[in-house]
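K.L.:
this one's sequence-less:
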Ligand code: DGL
């Protein structure tokens, strides 16, 4: 069996991608992982597509220079803005993106009303709107789009359950529940970290069951399939390493690994210049 011990590169604008990385670790426990948090430039969600694409290219180049055999764009906003460009730059490398789980939400909803929580950048992206139109075309499901401005910042601060975070959540989730949504898509990789606070809000307000859709597990499965198909898995069953890189504070990213995933990881601070997307 072929074996490839090179690491997998995973990135996000900040700590959100750790919600995807935890599924990758669970499904691919023998793979070495490099995690890049572009926290110095977070949030991506309110920036123009070209800016996010240029950051994404620079981060991918950094990970490839460190030997990455595959890249996971663990960010919905960067996937919308940059996945095409990244695949054009690295045509022979598996590049896996993250998209809001509209399909699983359409399958889960009982009343046909689905709320989609995501960044403004994701919801305005052509790629996302195409997917929405495709799935909504049979008229069975209505998608209520809700940009959650300010929520990523709260999660970057590590405030998963503060009064301020609950207030931000109430501003965005309550109108979706009041309009009848029985399914909410967590369309930003940061949001699974405030799942408990969202569930509390639902319990207090909705008076009905509401499903929450997160695609981290499906993304990790897709990555595993691509590694299998390409003969790229690491056959060495020894303990795999995780290393973190950040464009902001190493202490903050190390603290996020520890509080969000319960692991202690070496983290380095790096600076990288954005790359023009042409
Ligand atoms: N975690 C990101 C996403 O999935 C980006 C959040 C942001 O930087 O605005 O969209």
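P.N.:
Looks like it came in fine. Just so we're clear, the structure is a prediction, and the values are computed from it rather than from any experiment.

K.L.:
So which residues on the stretch 51-200 of the chain come close to the ligand?
P.N.:
By the rule CB under 6 Å from any ligand atom, the part of the stretch 51-200 of the chain lying against the ligand is 75-77, 119, 122, 152, 188-190. Yep, even glycine has a C-beta here, placed from its N, CA and C like the rest.

K.L.:
among these, which are in helices?
P.N.:
Using DSSP state H, the subset of those located in helices is 76-77, 122, 152.

K.L.:
As TSV, those with neighbour count would be great.
P.N.:
Formatted as TSV, these follow (neighbours: other CB atoms under 10 Å):
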residue	neighbour count
76	33
77	33
122	27
152	26
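
K.L.:
Run through the strands of the stretch 1-150 of the chain in chain order.
P.N.:
8-12, 33-37, 70-73, 95-96, 113-118, 142-147 (DSSP state E, counting those that start in this stretch).

K.L.:
what about the stretch 101-250 of the chain, any weak spots by pLDDT?
P.N.:
Of all residues in the stretch 101-250 of the chain, none has pLDDT under 70.

K.L.:
List the contacts of the residue lying closest to residue 189 once chain neighbours are set aside.
P.N.:
Nearest non-adjacent residue to residue 189, counting by CB to CB, 6 or more residues apart in numbering: residue 16, 3.8 Å away. Contacts for residue 16 (CB atoms under 8 Å, 6 or more residues apart in numbering) come out as 74-75, 152, 155, 188-191, 193.

K.L.:
Let's see that with 7 Å instead.
P.N.:
Contacts here follow CB atoms under 7 Å, 6 or more residues apart in numbering; on that basis residue 16 touches 75, 152, 155, 188-190.

K.L.:
Same question for residue 101.
P.N.:
By CB under 7 Å, 6+ apart, the contact set of residue 101 is 185, 213, 215.

K.L.:
Also residue 123?
P.N.:
Per CB under 7 Å, 6+ apart, neighbours of residue 123: 145, 147.

K.L.:
who wins for most neighbours among the contacts of residue 16?
P.N.:
Greatest neighbour count in the contacts of residue 16, by other CB atoms under 10 Å, goes to residue 75: 33 neighbours.

K.L.:
what separates the closest residue to it other than its chain neighbours from the ligand, distance-wise?
P.N.:
For residue 75, ignoring the flanking residues on the chain, the nearest one in space by CB to CB, 6+ apart is residue 12 at 4.3 Å. Note on residue 12: its distance to the ligand, by CB to the nearest ligand atom, to the nearest Å, is 5 Å.

K.L.:
Pull up the per-residue confidence for residue 12.
P.N.:
On the pLDDT scale, residue 12 is placed at 98.

K.L.:
Over to the residue nearest to residue 189: give its phi and psi.
P.N.:
phi -60, psi -40 (degrees, to the nearest 10).

K.L.:
Could you pull out the buried residues of stretch 162-174?
P.N.:
In terms of neighbour count (16 or more other CB atoms under 10 Å), stretch 162-174 has its buried residues at 165-166, 168-169, 172-173.

K.L.:
could the residues you listed be laid out in CSV, adding secondary structure and distance to residue 263?
P.N.:
Shown next, in CSV, are the buried residues of stretch 162-174 (DSSP: H, G, I helix; E, B strand; the rest coil; distance: CB to CB, whole Å):
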residue, secondary structure, distance to residue 263
165, helix, 23
166, helix, 27
168, helix, 27
169, helix, 26
172, helix, 30
173, helix, 29
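
K.L.:
picking that back up, sort out for me which of the contacts of residue 101 are in strands.
P.N.:
Judged by DSSP state E, the contacts of residue 101 include 185, 213 as members of strands.

K.L.:
so which of the contacts of residue 101 is the most crowded?
P.N.:
So for the contacts of residue 101 (other CB under 10 Å), the most neighbours sit at residue 185, 31 neighbours.

K.L.:
can you give me the helices for the stretch 101-250 of the chain?
P.N.:
For the stretch 101-250 of the chain, applying DSSP state H, counting those that start in this stretch gives helices covering 102-108, 120-124, 126-136, 151-156, 163-178, 195-205, 216-229, 250-256.
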